[in-house]
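>>> Output the structure for:
(chains A, B and C)
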Amino acid sequence: MLIPCPWCGDREDIEFKYGGSADVAYPRDADAVDDATWARFVFFRPNPKGQMTERWVHTAGCRRWFTLVRDTVTHQITTA
Amino acid sequence: MSRLASGGRIDRTRPIQFSFNGTPYRGYEGDNLASALLANDVRVVANSVTYGRPRGVFSAGVEEPNALVQVGNDTMLRATQVGLVDGLEAIGLNGRGRLSLEPDGHRYDKVYAHCEVLVIGGGRAGITAALEAGQTGDRVILVDEQAEFGGRLLGAGWNDWLETSLGALRSPPDVRLLTRATAFGHYDQNLVLIAQRLPNGGRLWQARAKRVVLATGAHERPLIFANNDRPGIMLAGAARAYVNRYGVAPGKRAVIFTNNDSTDALAGDLKRAGISVEAIVDVRAGEAVLDTFPSPAGGGGQGGGLGGVTIAPLTGGGSRREVECDLLCVSGGFNPTLHLFSQAQGRLRYDEALACFVPDAAPPNVEVVGAAAGDLGGRGQGTIMPYWVVPSDGQDWSTHFVDLERDVTVADVRRALSTGMRSVEHVKRFTTIGTGSDQGKTAGINETAIIATQLGQPVGAVGVTTFRPPYVPVSFGLMAGRNRGDLFEPIRLTAMHPWHVAHGAVFENVGQWKRPWYFPRHDEDIETAVLRECRAAREGVAVMDASTLGKIDIQGPDAVEFLNRMYTNAFDTLKIGSCRYGLMCKVDGMVFDDGVVMHLGPDHWLATTTTGGAAAVLEWMEEWLQTEWTDLRVRLTSVTDHWADVAVVGPRSRDVVRGLFPKLPLDPESFPFMAIRESETAGIPVRLHRITFSGELAYELWTQSWYGLALWEAVMAAGEPFAITPYGTEAMHVLRAEKGYIICGQETDGTVTPQDLGMSWILSKKKAFIGRRSHRRRDTARPDRKQLVGLLPVERDQLLPEGAQLVVEPDGTIPTKMIGHVTSSYRSATLDRTFALAMLQSGRERLGAMVYAPLNGHVVSATVTEPIFYDKENVRRDS
Amino acid sequence: MIAEAVRRSPLADYTDRFAALSTATDGALSIRELPFVSQVDLRADPKDADLMQRLAAAIGFALPTVPNTVTSREDRRALWLAPDEWLVVGPDGQQGAIERELRNGLNSAFGSIVDVSANRTVIEIRGGKARDLLAHCVPIDLDARVFSAGRCAQTLLAKAHVIIECRDESGLILYVRASLATYAADWLLDALAE
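Residues are numbered from 1 along each chain as shown, chains lettered A, B, ... in the order given. Below you'll find the predicted structure:
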């Protein structure tokens, strides 16, 4: 797959590390949430068939983290 | 001999000697193994995989299902793809090949290529597309799987056009032409993998193209009838190719069996080659070949080859007749070659009029041209009567072969359907059609059609099985390329490496680094060497190359806040010129990495990490700064390779350091434990840190890695009067284990908390840190978790293996509950016995108890102790 | 200086092999280590126009703001590594001077300046075949029209991280971690057989 780094442009996926689902907010007050809520944050992530907003980091390049939208079935990256 | 006196693209002035199954033969330059065998009347090339039936050459290309051979150690090759070279020795396979146990001596290369247009297939459509693209100044790559461009045009009277076109393609500098190059995988965004065959191996091209033009042509498919697999039965187009391109008569007396117009020119070509055409059987005229019979054994040719055919009318009435022949040319129509198209997620649709699957929706930036797009004019298919299987005589379908390579017949397909299977994917897996090394190139569409006919469904509704790379078999060696031997993985070396090599160090791999494991003297084994090295470190002075540790420079006004959030302990009180051990957890509360944090100056810090964790720690830190803590003013820079680190260790280490740095006050008040000082020796600037991993008085000397070797040599020279001893990672492991210091990745594995390790003392109660919330989880706070303990085997000399499972029942009844495992285990010079560290369920409640390690054939008993065996009061460390 | 005399560069043992190469290829390809190049890593906020100006004044030329490009003046160059990170490069012996100048430019603004001169060593590859050689191990498009003078890229050389800079049409510069230098050199020498 070619991953579009917002800084370096399209690069082979071997230059990147996958960062999983984006938009997972770190609980504002970790101490206040119960165990179940905390476990959901730590261990659970969405796994959609279709469009997914996800994080990547350009490890062998500029080392910046960024977000993109990828279709998990067709691998088409629709926005960067 | 069946070589024609003239004609074909072979060079009769350049003969080539080769052997097949031990018998010597002669061919010519331009031959492949299949054409040369046919020319030498070798009609049986191999035997089929399940039934051992004799098989001959069936096709003239990559779709060959029968003529499988072995050349040297390379097995499962198609004779039609093996170029003839002098001295070639090939053998026919009985079913499957065998992998050789010898190392692959071929040389494999890999190249990355970028282009605007990649044209796959160098026939008429491909060459035309490449010419067009080449005129724009774009970078064009044209690949063809055969030794020359031209495809079906070769030997078909297109020589002038080929010469002109290829000449035109060779002139622009940006057109790259590759032959013997098979595109075998088409991946996302037009990444195409191409296997190029070279004389002594191959080259893998990894090509990224803005546009891909698939000019992959079409494969002829056969009609299916009883005993349709005899040597002498081949695809009609192949017969034409052997006559016209290779100057070979594949038989003497031929019958043609067809359902379309492509065979019109064949009769003329055969006759011109001196082959008599005994009959032309056309299903459109209501006739079909019902069955074939063998030639009599020993009767001039090889037994088991084709002797003749039985022809019958399609519908009742009329009589059947037998015609003797040794060549049967079969054409059932053409299948556009769309494997790569499908791999790239192109969709197919069935075309009723053409009786084949053609491209429907193409993926972006992929274009299909020529026969592959369904333009079968060049093939001459013309008017086709869709026909697949000639009905059997009676109920026996067991010799109606669908997949020749897999020996699968119509009987097998019917059996699959009779179990209730409906999907072509299920039938494929039940029967194994399409799973052979030819990937069913001449079988797949027939399979679909048979299913459709049997189920009374339209062919298009049944569909085809999923096409997956590779399109042709590709050797593992090619995929490995030059990542072999010393180049298999990166090897990382410190600045002192040449010294270690010169002094006989035995190395071990720590991640990608080569680290000295031990320094044997004379003929010492590892045990003796390590005991000697440890003794030196505890009683005299020893030196170790610690340069591989990860090192991260940290600058900014928010550095302390950052460190406090990252590490479990706090750094507010750490003064400039001091360092402190730090532990890091992940969000799930599990120990991640550890190291020493140094306060170098105002807003300037440096953190070390484990050797193996360096990259992961920096990435982790950057992730938090870039995605969560974007307002923190702190910046990180990797300096792992910038600094060399010489660890001088032992009660005499101060003497050695004094010799090197005479002006530096070394008394414990001036240079206390965990302090940092700067100095220089012989002009080399050095930063000294009183850090210890062994529990002895020790100094880590850091200098720019350009000076690393010089510093190491200076330390060795200064240490000579004290018999300074270089030591490696094994001794280092023993020394720290005697002190109960953990190694992340040895005592921890991602499931271990600081509390499990008995390290609650390092968890700050005053500030938040990553992992703190998870420590409160019920599961993380369970009292029966595995905890770090020490183990002393009852027999002082018995060494527990690392990883040994621990149980409480000594008698070895199975099943037994495993309650822990040994994480580290060594012989100790200091203790004069063996000892170990282990993670043990409720370990801290079992101190003094006995546990057992059942091993192969015997059980080791050990007493559970505190995880520290030496200098509990840290007297030596702080001296 | 004593210190200079005892320095050792990561590819000190490869001088002969590299030299033999030029002879063997009739000058079509040459590889050599440029040892002890001064390199300083700078992190600073590119959106602070004032700061950018001060830094430009301090080192004598403006830092590149277009990703993966290089600016230079005389024997100093600056490579873009990230939106807020540059590698400032100069000849042997200048790391102290570069650091001081950058510190003056940074003044009290937030940023970081780190001497990383020994962290990477520098390999120069020259000749018509330079890009073909690198095509054996570098996945990005190194065509002279795409990767032209003034461009740089952080990418992979086989399995090692590398910075590649195009100095001029036939000169490519590699910056590779000191510990990985022999791996990179071995890979290049092995690829030459093709």
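
>>> what residue ranges in chain C are flagged as low confidence?
In the predicted model of chain C, residues C:1-2 satisfy pLDDT under 70.

>>> Same question for chain B.
Using pLDDT under 70 as the threshold, the predicted model of chain B has low-confidence ranges B:297-303, B:316-317, B:812.

>>> How are the strands of chain C distributed by residue range?
In chain C, strands defined by DSSP state E lie at C:30-34, C:38-44, C:70-73, C:76-82, C:85-90, C:111-115, C:120-126, C:152-157, C:160-168, C:171-177, listed in chain order.

>>> got these as CSV, with mean neighbour count and distance to B:Gly318 columns?
Where you see a C-beta, it was placed from the backbone N, CA and C, and this is true even at glycine. Converted to CSV, the strands of chain C look like this (neighbours: other CB atoms under 10 Å in any protein chain shown; distance: least, CB to CB, whole Å):
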stretch, mean neighbour count, distance to B:Gly318
strand C:30-34, 19, 79
strand C:38-44, 23, 90
strand C:70-73, 17, 84
strand C:76-82, 22, 82
strand C:85-90, 23, 86
strand C:111-115, 23, 93
strand C:120-126, 23, 77
strand C:152-157, 24, 71
strand C:160-168, 20, 75
strand C:171-177, 22, 77
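
>>> Quick one: those strands as JSON lines, columns for distance to A:Phe44 too.
Putting the strands of chain C into JSON lines (distance: least, CB to CB, whole Å) gives the following:
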{"stretch": "strand C:30-34", "distance to A:Phe44": "51"}
{"stretch": "strand C:38-44", "distance to A:Phe44": "35"}
{"stretch": "strand C:70-73", "distance to A:Phe44": "45"}
{"stretch": "strand C:76-82", "distance to A:Phe44": "32"}
{"stretch": "strand C:85-90", "distance to A:Phe44": "34"}
{"stretch": "strand C:111-115", "distance to A:Phe44": "37"}
{"stretch": "strand C:120-126", "distance to A:Phe44": "41"}
{"stretch": "strand C:152-157", "distance to A:Phe44": "33"}
{"stretch": "strand C:160-168", "distance to A:Phe44": "33"}
{"stretch": "strand C:171-177", "distance to A:Phe44": "38"}
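
>>> how about these in a markdown table, adding distance to chain A?
Output for those, formatted as a markdown table (distance: least, CB to the nearest CB, whole Å):
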| stretch | distance to chain A |
| --- | --- |
| strand C:30-34 | 22 |
| strand C:38-44 | 12 |
| strand C:70-73 | 14 |
| strand C:76-82 | 4 |
| strand C:85-90 | 8 |
| strand C:111-115 | 14 |
| strand C:120-126 | 14 |
| strand C:152-157 | 5 |
| strand C:160-168 | 5 |
| strand C:171-177 | 12 |
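
>>> do you know which of those strands lies nearest B:Thr80?
Closest of the strands of chain C to B:Thr80 is strand C:152-157, at 38.1 Å (criterion: CB to CB).

>>> Which residue is the nearest non-sequential neighbour of the most centrally placed residue in chain C?
Note on chain C: the residue nearest the mean C-alpha position is C:Tyr175, at 4.3 Å, using CA atoms, centre = their mean. Excluding the flanking residues, the one nearest C:Tyr175 by CB to CB, 6 or more residues apart in numbering or on different chains is C:Ile163, at 4.0 Å.

>>> which ones are touching the one you found?
By CB atoms under 8 Å, 6 or more residues apart in numbering or on different chains, the contact set of C:Ile163 is C:Leu79, C:Leu81, C:Leu87, C:Arg120, C:Cys152, C:Ala153, C:Gln154, C:Leu174, C:Tyr175, C:Val176.

>>> what do you get for C:Val70?
Residues counted as contacts of C:Val70 (CB under 8 Å, 6+ apart) are C:Pro64, C:Arg77, C:Ala78, C:Leu79, C:Trp80, C:Gly150, C:Arg151, C:Cys152, C:Glu165.
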